[in-house]
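# My questions concern the predicted model and sequence given below.
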Amino acid sequence: MNIHRDTAAMLALLALALVWALPARAQPPAEIATIVQFHTVCNNCHEGECSGRLSFNSGAEAARSHIERHLGAKQHDVQVAALFAMLQAVKESCSHYPVVPLRPAIGTWQAAELAPWRNAPAGAYFIPLGKFAAGQRQLALEFDGAAEGNARIDDDHMETIADERLCRSGGSTLEFDARADTAYFLHLKSGAATLRHIVFR
């Protein structure tokens, strides 16, 4: 048994539990903000580096300077521990960190419910879409202005299944063939533009 690794894992789980217990504030709940931060910044470099053999014995504190350098600000201990735990989980499972979608991906998701899934400084979104009924699906994205970047959908094992360069017109559509037993995730770089809504067809 690796005592250091077990201790680090227990501290990270405790940190995540504390995050859930924090009182509600005007900003997005910390657990959502941390997941979005991880997938819009950290995973840009670490995605695909999967291996159950990777070592995390150094603990979260050893990764602090690396985390703060890439996030551009000093981070609270809870945030550092949470990001480190997410990285460990993603690298060891080769899948997305478990996260519940807004609600079933049908109809329209409006701007207010999409807002917590945006990392404003990075001009990016990470949105868990959940599962779809099997078959050809479309996601129509509408922005409040000209969006510059790209939209990508991947599955629960981080395999890209749709990728679209965003148009300056303020909207874009992604199409893909959904499998009923698979969860999907939207990665979106839109710059200053924010989502007005997503329409599922």
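Ah, there it is.

# C-alpha from now on. contacts and neighbour counts both.
Will do.

# what comes into contact with stretch 110-117?
Outside stretch 110-117, the residues that touch it by C-alpha atoms under 8 Å, 6 or more residues apart in numbering are 27-29, 32-33, 36, 102, 125-127, 194-198.

# can you check stretch 193-201 too?
With C-alpha under 8 Å, 6+ apart as the contact definition, stretch 193-201 has outside contacts at 105-111, 114-115, 123, 137-148.

# Cross these against helices and list the overlap.
Among the contacts of stretch 193-201, the members falling in helices are 111, 114 (criterion: DSSP state H).

# Now which of the contacts of stretch 193-201 would you call buried?
Buried by 16 or more other C-alpha atoms under 10 Å: 105, 109, 111, 114-115, 123, 139, 141-143, 145-148, out of these.

# Just send those back as JSON lines, with pLDDT and distance to Arg165 too.
JSON lines is the format used below for these (pLDDT from 0 to 100; distance: C-alpha to C-alpha, whole Å):
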{"residue": "Ala105", "pLDDT": "92", "distance to Arg165": "22"}
{"residue": "Trp109", "pLDDT": "97", "distance to Arg165": "21"}
{"residue": "Ala111", "pLDDT": "97", "distance to Arg165": "21"}
{"residue": "Leu114", "pLDDT": "97", "distance to Arg165": "20"}
{"residue": "Ala115", "pLDDT": "96", "distance to Arg165": "21"}
{"residue": "Gly123", "pLDDT": "93", "distance to Arg165": "15"}
{"residue": "Leu139", "pLDDT": "96", "distance to Arg165": "14"}
{"residue": "Leu141", "pLDDT": "96", "distance to Arg165": "12"}
{"residue": "Glu142", "pLDDT": "95", "distance to Arg165": "14"}
{"residue": "Phe143", "pLDDT": "95", "distance to Arg165": "14"}
{"residue": "Gly145", "pLDDT": "91", "distance to Arg165": "15"}
{"residue": "Ala146", "pLDDT": "88", "distance to Arg165": "12"}
{"residue": "Ala147", "pLDDT": "89", "distance to Arg165": "10"}
{"residue": "Glu148", "pLDDT": "85", "distance to Arg165": "8"}
